[in-house]
Each structure stands twice: as structure tokens, then as C-alpha cells.
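Only the shape, not the letters, is given here:
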């Protein structure tokens, strides 16, 4: 299948802790994108990491990519209650391709 | 970042009627837009890829005649749910490929549209 598979399916942590979500995919990619979705809302683009990149940062977010293992991870440091949302990874296999989504990771950050 | 707007945010329609949802790229031109639907607590399901000036490409299992997609301009794509039935009630989300070249692969999403068919 084309979608990324996120792990774990659900994650519950306390405010201030770090949250790590993993994503695995099946074949070679052009890039991989991470999104956040608050309940009942649209998706917010977080980070795009290209196949020739290994790590990217954006504020409290750190994304890594290991193409040899066909996996990526999203780390949210010093989590806040406002980070509570579903997080999706979406591999893009060809430049200009489409995104197919997996089930996502449902993150709950308790104050 | 690029902004994608959807309208309406929510709509209630009677069974058997048609309803149109608009997706606009506000500050960039989008030659390609995508339509998804999402059921509660589930993932997004890609319905179709919409290319400006050409016919949409539908995913397997999506009824072309029921979900009409038109991408008549570089900033607007529409999804029309024809002869809607209660099982069409869902959250519909559009997205657009960002302006290139540096962000040409980034896909930006709208806020979604809740459709309830009664």
C-alpha cells in the first residue's frame, strides 16, 4: 500500500514531556510530509523532508528520515496541551505525486 | 505559508439534492488540487485528483457521476455531491499543491467541510 503507517496509534503524555511518533513506508520516496489535525478541522502542514535529507527542525519539532529503514520520526519536545491532535505522515513517492494517509497517531497531552 | 480556503464549512441538505463545496487557493495558483473524505475517527481517504483545465482522476471505488469535480481555474476547484444520501454525510477536505519550485511538492489543506444529509 502507498500510505505511511504511523506508530503508535495513540500516545498519552504529560505536559512538558517529549512525544515521539514513528512512520514507516514501503518503497523509495521523493519526500515525506508530516501533518497535524485537530479534531474536526483540516490538516496543518508541519514539515516536508526530502529523501536526501536526514533531519529537519521547526521550532519544537524535529523530523528524522532513514531511507535505508524506510522510516521517519516526529519528535515534539516540551509538549503542551495545545499539541493534542492527530498526527499523520504522508510519503510522496514521485515529485508532484499525491499523498495517501494512514491512520495517524492520536496524541493526548495532559496538563 | 500558502492558504487554502473551503466553503461552506458545514452544510445540511435534504436527501436527493445536490450540494457544491468550493476549494480556493487564496494566495497562489494551484494547478493540482486533491479531494479527500474522512469519517469520524478514521483517516483521510483520497477521492480524486483535480487538474486545472482537465478531467479529474478518481481513485478506485469513487463514483465519478456522484462526486463531480470541476477545476475551472488555477485557484478554484469544486466538488459537487449529486443526489446526496445520508451515507454521503462526511467531512470533505480539499488540498492544493503549493507553488513551485521550492514548495511545489508541499500539499496544503483547507479547513474541511462538514456535510450532513438528512
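Thanks, I have the structure now. Everything numeric here is computed off the predicted structure, so don't read it as measured data.

give me the low-pLDDT residue ranges for the chain?
Just so you know, I chose chain A. A:1 (pLDDT under 70).

my question was about chain B
If you take pLDDT under 70 as the line, chain B has these spans: B:1, B:101-104.

Close to chain A: what parts of it are there?
Contact residues (CB under 8 Å from any CB of the partner chain) of chain B with chain A: B:1, B:4, B:6, B:32, B:34, B:36, B:42-44, B:46, B:49, B:91, B:93, B:95, B:97, B:103-112, B:114. (Glycine included, C-beta is placed from N, CA and C.)

Next up, the contacts around residue A:51.
Listed by CB atoms under 8 Å, 6 or more residues apart in numbering or on different chains, the contact set of residue A:51 reads A:28-32, A:65, A:67.

hmm, 6 Å instead?
By CB atoms under 6 Å, 6 or more residues apart in numbering or on different chains, the residues touching residue A:51 are A:29-30, A:67.

thought residue B:26 was touching residue B:3?
Yes: between residue B:26 and residue B:3 there is a contact at 4.3 Å, judged by CB atoms under 6 Å.

Name whatever forms a beta bridge with residue A:14.
Per DSSP bridges, the residues bridged to residue A:14 are residue A:110.

got a list of what residue 75 touches?
Unless you meant another one, I'm taking chain A. By CB under 6 Å, 6+ apart, the contact set of residue A:75 is A:20, A:62.

actually it's chain B I care about, not the one you picked
B:24-25.

The same query, at a cut-off of 7 Å, please.
Residue B:75 is in contact with B:24-25, B:29-30, counting by CB atoms under 7 Å, 6 or more residues apart in numbering or on different chains.

which bits of chain A sit near chain B?
Proximity of chain A to chain B, by CB under 7 Å from any CB of the partner chain, involves residues A:30-31, A:33, A:41-43, A:45, A:48, A:92, A:95-96, A:98-104.

Quick check: bridge partners of the nearest residue to residue B:39 once chain neighbours are set aside?
Nearest residue to residue B:39, sequence neighbours excluded (CB to CB, 6 or more residues apart in numbering or on different chains): residue B:90, at 5.8 Å. With DSSP bridges applied, residue B:90 shows beta-bridge pairing to residue B:115.

Surely residue B:90 and residue B:114 touch.
No: Residue B:90 sits out of contact with residue B:114 when judged by CB atoms under 7 Å, with a separation of 8.1 Å.

Out of the contacts of residue A:51, which is nearest to chain B?
residue A:30 (6.8 Å; CB to the nearest CB).

Let me know how buried that closest one is, in neighbour terms.
The tally of other residues near residue A:30 (other CB atoms under 10 Å in any protein chain shown) stands at 15.

now it: how far from residue A:52?
According to CB to CB, to the nearest Å, residue A:30 stands 10 Å off from residue A:52.

Just send the contacts of residue B:75 back as TSV, with distance to residue B:118 and secondary structure too.
Shown next, in TSV, are the contacts of residue B:75 (distance: CB to CB, whole Å; DSSP: H, G, I helix; E, B strand; the rest coil):
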residue	distance to residue B:118	secondary structure
B:24	27	strand
B:25	31	strand
B:29	37	coil
B:30	33	coil
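
Just the buried ones from the residues you listed, in ChimeraX syntax?
Selection of buried members from the contacts of residue B:75 for ChimeraX, criterion 16 or more other CB atoms under 10 Å in any protein chain shown:
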select /B:24,25,30
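
List the contacts of residue B:21.
With contact set as CB under 7 Å, 6+ apart, residue B:21 has these partners: B:6, B:78-79, B:92, B:113.

now do residue B:82
Counting by CB under 7 Å, 6+ apart, residue B:82 makes contact with B:18, B:65-66, B:68.
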